[in-house]
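okay, sequence plus prediction incoming.
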Amino acid sequence: MTSESVLDIFKEITRIPRESGKEGPITAYLCKWAEDHSFDYKKDEIGNVLIIKPAAPGKEKVPTIVLQAHQDMVCEKNEGFSFDFAKEPIPYEIED
């Protein structure tokens, strides 16, 4: 996976509404992403998702790395700024 492909995934995620308490679309995205990449995953009754990526060949005995993140987003905007977190993608800038 290249840094460009990681940024592509990030860009996809910015388009998914995920306000706290309304994480259904991002949960579905994560499960589909895992399926599309043939990774095992588990989803519990409240929507937590665990994606399991197996070790690369020859790396099976290397210590496991666990990455954790929130699916939801606190939706807060500055006064006078018009933005619908339930419908609009998050604007972003990537600088070199």
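Sure thing, it's come through. Numbers count the residues shown, from 1 in each chain.

what is the subsequent helix or strand relative to the worst-scoring helix or strand of the chain on mean pLDDT?
Every helix and strand of the chain was ranked by mean pLDDT, DSSP states H and E. The lowest is helix 3-14, at a mean of 88. Using DSSP states H and E, the helix or strand that follows helix 3-14 towards the C-terminus is helix 24-36.

buried residues, that next one. List them.
Buried residues in helix 24-36, counting neighbours by 16 or more other Cβ atoms under 10 Å, are found at I26, T27, Y29, L30, C31, W33, A34. C-beta here means a position set from N, CA and C on the backbone, and glycine is covered the same way.

how near is the fourth one to S82?
Read it as L30. With distances taken as Cβ to Cβ, to the nearest Å, L30 is found 29 Å from S82.

got it, and P25?
Using Cβ to Cβ, P25 is found at 22 Å from S82.

what about the closest residue to D72 other than its chain neighbours, how many residues nearby?
Of all residues not flanking D72 in the chain, S20 sits nearest, at 4.4 Å (Cβ to Cβ, 6 or more residues apart in numbering). Neighbouring residues of S20 were enumerated by other Cβ atoms under 10 Å; the total is 11.
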